[in-house]
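A.B. asks: kindly generate the corresponding structure for this input.
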Amino acid sequence: MAPKRKAAAAVVKDDAPQDAVEKGDGVKETSPKKVKPEGLVKGEQAPDFELENDECVKVKLSEVTKDSGVVIFFYPKANTPGCTKQACGFRDKLAAIKEKGYVVYGMSADNPKPQGNWRTKHNFGFNLLCDPGREALKQFGVLKNAGKSIRRSHVVIGKGGKVEDVQYDISPADSFTQAAEFVGAK
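C.D. replies: Numbers count the residues shown, from 1 in each chain. Predicted coordinates:
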C-alpha cells in the first residue's frame, strides 16, 4: 500500500482568472466569482431622484438636502412583518433623528396607495417614497435577484447631498438602531 500524500495548500495566483486556484500539483480549479452588487460609497454625492411619495406628492432629493440631512431606509414590501418592524423603529426614533437635522423617508417599489394605507395604519410621521419603476432603487444599489427584490438597507445623506453612511443587507432592528446612532440620536 502506497503512503498517503499530504494535500498541498491552495495558492491563489495574482494573474488567475476569476477565482482560479492553483493547487501544489499544478491543477487549477475555478469557481464562479461572487460579485457584490454595486452600491453607494461614503463621501460620494448621492444619486438625485424625483419620486412620488405615499401622498402622490413629488419629492426631489436634491431639494430636500439643501436644508437638511436625509435618512432613507429601503424595504422589500410595505405592510409585511420585517418591513413593519423596520419602519416602526424609524417612527419611534423620528423625533431624535429630526433633532439632529435629518428627515426620514422609507422607499420601496410599492405604489402610493398601499404605502399610504400602511403609513396611516402605523402612524408613521414620515413619508414613504414610491419607485415602481425601480430606477432610484437601482441607483442606490438596493436591488437583488435581477431587480426582482429589494435589499433591506439604509443610507444617511448629509446636508448638501453627500453619502455619510450606507448599510446593505441589514436586519430590520439593526437598520433603525444603527442609523439613529450614526446621526447621534438617542
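
A.B. asks: for the rest of this, base every contact and every neighbour count on C-alpha atoms.
C.D. replies: OK.

A.B. asks: next, the nearest residue to V64 once chain neighbours are set aside: secondary structure please.
C.D. replies: Among residues not flanking V64 along the chain, V70 sits closest, at 7.6 Å (C-alpha to C-alpha, 6 or more residues apart in numbering). Applying DSSP: H, G, I helix; E, B strand; the rest coil to V70 yields a three-state assignment of strand.

A.B. asks: who's in contact with V70?
C.D. replies: V70 sits next to 64, 102-105, 156-159 when contact means C-alpha atoms under 8 Å, 6 or more residues apart in numbering.

A.B. asks: so the most centrally placed residue in the chain bridges to which residues?
C.D. replies: The chain has S153 as the residue nearest its centroid, 2.8 Å off, counting by C-alpha atoms, centre = their mean. Beta-bridge partners recorded for S153 (DSSP bridges): F74.

A.B. asks: any idea of the pLDDT on it?
C.D. replies: The model reports S153 with a pLDDT of 97.

A.B. asks: quick one: contacts for it?
C.D. replies: S153 neighbours (C-alpha under 8 Å, 6+ apart): 73-75, 142, 166-170, 175.

A.B. asks: out of the contacts of V70, who's nearest P81?
C.D. replies: When these are ranked by distance to P81 (C-alpha to C-alpha), Y105 comes first, at 18.3 Å.

A.B. asks: ok, which stretches of this structure are helices?
C.D. replies: Along the chain, the segments classed as helices by DSSP state H run 61-64, 81-99, 112-122, 135-139, 172-183.

A.B. asks: now the contacts of V70 in a markdown table, with distance to D131, pLDDT and neighbour count?
C.D. replies: Conversion of the contacts of V70 to a markdown table gives the following (distance: C-alpha to C-alpha, whole Å; pLDDT from 0 to 100; neighbours: other C-alpha atoms under 10 Å):
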| residue | distance to D131 | pLDDT | neighbour count |
| --- | --- | --- | --- |
| V64 | 17 | 97 | 16 |
| Y102 | 21 | 98 | 25 |
| V103 | 19 | 98 | 22 |
| V104 | 16 | 98 | 20 |
| Y105 | 13 | 98 | 20 |
| V156 | 19 | 98 | 26 |
| I157 | 19 | 98 | 26 |
| G158 | 22 | 98 | 23 |
| K159 | 23 | 97 | 18 |
